[in-house]
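Trainee: any chance you could fold what I've pasted below:
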Amino acid sequence: MKYPQEEIKPYSSEGKKTEQVETMFDNIAHHYDLLNHTMSFGIDKGWRLKAIAWLKPFRPQKMMDVATGTGDFAIQAYRDLLPEELIGTDISEGMMKIGKEKVLKLGLDQSISFAKEDCMNLTFTDNTFDAITVAFGIRNFENLDKGLSEMYRVLNKGGHLVILELTTPDSFPMKQLFAIYSKIVIPTMGKLLSKDDNAYTYLPETIKAFPQGEVMKGVIENAGFKDVSFKRLTFGVCTLYTAAK
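Mentor: Numbers count the residues shown, from 1 in each chain. The predicted structure follows:
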């Protein structure tokens with residue numbers, strides 16, 4: 001099935017979305033953390049903690065953080081869950097370079113590794129991971145169904161999936177405030193700080209177009225996952241999805 005956000009590309013309607021997204025994140029890598037934390041007023045840290053806390057009772061020992069970016073989620077997950085192995089995967093070498101520097105500085109380079117991977121075609125064998133996490137990256141997939149199918153394939157039976165994604169609030173007044181914020185504030189701040197005019201126009205557009213709530217729950221179930229549930233956070237600005245194989 002085709003989803004609206006799959007047709008939205010950062011730079012041109014022509015060419016593969018995956019390649020354009022890779023270029024975009026390489027371009028904004030050095031400004032990404034500052035922009036991310038500033039635009040969410042630091043609330044994104046609390047969202048990550050909630051996602052990781054959900055995994056804690058299952059004690060996953062082998063984890064993959066998909067669309068790991070600069071590694072914030074991977075680092076926090078390792079600190080809180082202490083898995084035997086945690087690998088962060090992404091298509092952007094520029095973003096992972098920042099992540100590798102963070103991990104090295106924290107002395108976690110023996111515990112957290114990084115690998116360039118496209119979630120449309122993961123190189124891992126079936127039934128490899130106890131838990132897979134995706135924070136604020138799944139809406140950039142070129143093919144949402146294929147990406148979820150690949151994560152299902154490499155997840156162990158009984159393993160768990162956690163997805164954090166930005167969503168549009170559906171209640172007054174947050175719905176109206178978020179519309180103004182995403183249409184005006186995010187692109188303006190992104191242009192000023194990252195010097196990439198396209199990136200922070202593309203990102204709010206994908207938030208608006210991405211399936212959410214009950215619709216996204218159905219998409220995850222269609223990929224084969226069970227026990228799928230979701231919880232809206234911070235008045236619906238972010239949604240936490242959880243599932244099992």
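Trainee: direction included, what does the strand ranked longest in the chain pair against?
Mentor: Counting residues, the longest strand in the chain under DSSP state E turns out to be strand 155-166. Based on DSSP bridges, the strands next to strand 155-166 in the sheet, each with its direction, are strand 129-135 (parallel), strand 238-244 (antiparallel).
Trainee: where are the low-confidence patches of the chain?
Mentor: Within the chain, the ranges that satisfy pLDDT under 70 run 193.
Trainee: which stretches of it form strands?
Mentor: Under the criterion DSSP E, the chain carries strands at the ranges 62-66, 85-90, 112-116, 129-135, 155-166, 226-233, 238-244.
Trainee: parallel or antiparallel, which strands does the first one pair with?
Mentor: Read that as strand 62-66. The strands that strand 62-66 pairs with in its sheet are strand 85-90 (parallel), strand 129-135 (parallel) (by DSSP bridges).
Trainee: which of those strands is buried the deepest?
Mentor: Comparing the strands paired with strand 62-66 on average neighbours per residue, with mean count of other C-beta atoms under 10 Å, the densest one is strand 129-135 at a mean of 26. For the C-beta atoms, the positions are set from N, CA and C on the backbone; glycine is no exception.
Trainee: output that strand as CSV, nothing but the C-alphas.
Mentor: Taking only C-alpha atoms (Å, rounded to 0.1, in the frame of the first residue of the first chain), the coordinates of strand 129-135 have been written out as CSV:
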residue,chain,number,x,y,z
PHE,A,129,17.1,-9.2,17.7
ASP,A,130,15.2,-9.3,21.0
ALA,A,131,14.0,-5.7,20.6
ILE,A,132,13.9,-3.1,17.8
THR,A,133,13.4,0.6,18.4
VAL,A,134,12.7,3.5,16.0
ALA,A,135,12.5,7.0,17.3
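Trainee: the longest strand of the chain to strand 226-233, inter-axis angle?
Mentor: Inter-element angle recorded for strand 155-166 and strand 226-233: 20 degrees (by axes from the mean of the first three to the mean of the last three C-alpha atoms, to 10 degrees).
Trainee: CA atoms of strand 155-166 as PDB?
Mentor: What follows is strand 155-166 as a C-alpha-only set of coordinates in PDB (Å, rounded to 0.1, in the frame of the first residue of the first chain):
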ATOM      1  CA  LEU A 155      13.000  -9.700  15.300                       C
ATOM      2  CA  ASN A 156      13.100 -12.900  17.500                       C
ATOM      3  CA  LYS A 157       9.800 -14.600  18.100                       C
ATOM      4  CA  GLY A 158       8.500 -13.000  21.300                       C
ATOM      5  CA  GLY A 159      10.600  -9.900  20.600                       C
ATOM      6  CA  HIS A 160       9.300  -6.400  20.900                       C
ATOM      7  CA  LEU A 161       9.000  -3.400  18.700                       C
ATOM      8  CA  VAL A 162       8.900   0.200  20.000                       C
ATOM      9  CA  ILE A 163       8.200   3.200  17.700                       C
ATOM     10  CA  LEU A 164       8.200   6.800  18.700                       C
ATOM     11  CA  GLU A 165       6.900   9.200  16.100                       C
ATOM     12  CA  LEU A 166       5.800  12.800  16.000                       C
END
